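>>> this one's sequence-less:
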């Protein structure tokens, strides 16, 4: 059993309208110290695979399904 | 300057159709070892506030804007 935590974020330079909207809202709510907000996805996967090939498998899963390689990057941790 | 990383996930027991959909897709793609998939949000905030009250401010921001307290929980780290 392994728990994989995956973080998918937009690549630098890609417009993040959701993040900008949150930042705008926070400014309107009086939080004036916020410099930037970036929105991403957080995915937790429980898997029975805890072997050496798990890292390769998660890379595949991210590339094929979870992240759009054109505009998104991802990192993950295995616990 | 501080960087805050916020993870918003559904509370235990709340139905996660997006996670189930990803899990189903992974199964169809041949990844048979996956036990569960949970989808959440990942938010990165850069702020000029790095004082003692930052933790309180982030709690407020999560409660008021980023997480739906009825069905979601959140954690965050400050770097």
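Thanks, I have the structure now. Everything numeric here is computed off the predicted structure, so don't read it as measured data.

>>> The top strand by length along chain A pairs with which strands, and in what direction?
The longest strand of chain A (DSSP state E) is strand A:34-47. Sheet pairing of strand A:34-47 (DSSP bridges) gives strand A:2-10 (antiparallel), strand B:34-47 (antiparallel).

>>> I'd like to know which of these lies nearest to residue A:31.
Closest to residue A:31 of the strands paired with strand A:34-47, according to CB to CB: strand B:34-47, at 8.1 Å. The C-beta positions use only the backbone N, C-alpha and C, and glycine is treated the same way.

>>> Now do the buried residues in that closest one.
Within strand B:34-47, the residues that qualify as buried are B:34, B:37-45, B:47, counting by 16 or more other CB atoms under 10 Å in any protein chain shown.

>>> Residue A:46 - nearest residue in space that isn't next to it in sequence?
residue B:35 (4.1 Å; CB to CB, 6 or more residues apart in numbering or on different chains).

>>> now that neighbour: how far from residue B:46?
35 Å (CB to CB, to the nearest Å).

>>> what does residue A:45 give?
Counting by CB to CB, the gap from residue A:45 to residue B:46 is 28 Å.

>>> for residue A:17, same thing?
17 Å.

>>> again, but for residue A:75
In terms of CB to CB, residue A:75 sits 18 Å off from residue B:46.

>>> Next, the residue of chain A most remote from its centre: secondary structure please.
Going by CA atoms, centre = their mean, the residue of chain A most distant from its centre is residue A:30, 27.1 Å out. Under DSSP: H, G, I helix; E, B strand; the rest coil, residue A:30 falls in the coil class.

>>> For it, give me phi and psi.
Dihedral pair for residue A:30: phi 100, psi 0, per degrees, to the nearest 10.

>>> Check it and give its pLDDT.
For residue A:30, the pLDDT comes out at 95.

>>> Spit out the contact partners of residue A:70.
By CB atoms under 8 Å, 6 or more residues apart in numbering or on different chains, no residues touch residue A:70.

>>> What's the per-residue pLDDT of it here?
At residue A:70, the predicted lDDT confidence score is 95.

>>> can you confirm it is in a helix?
No - read with three-state DSSP, residue A:70 is coil and lies in no helix.

>>> how near is the closest residue to residue A:75 other than its chain neighbours to residue A:39?
Nearest residue to residue A:75, sequence neighbours excluded (CB to CB, 6+ apart): residue A:7, at 5.2 Å. Remark: distance between residue A:7 and residue A:39 (CB to CB) = 12 Å.
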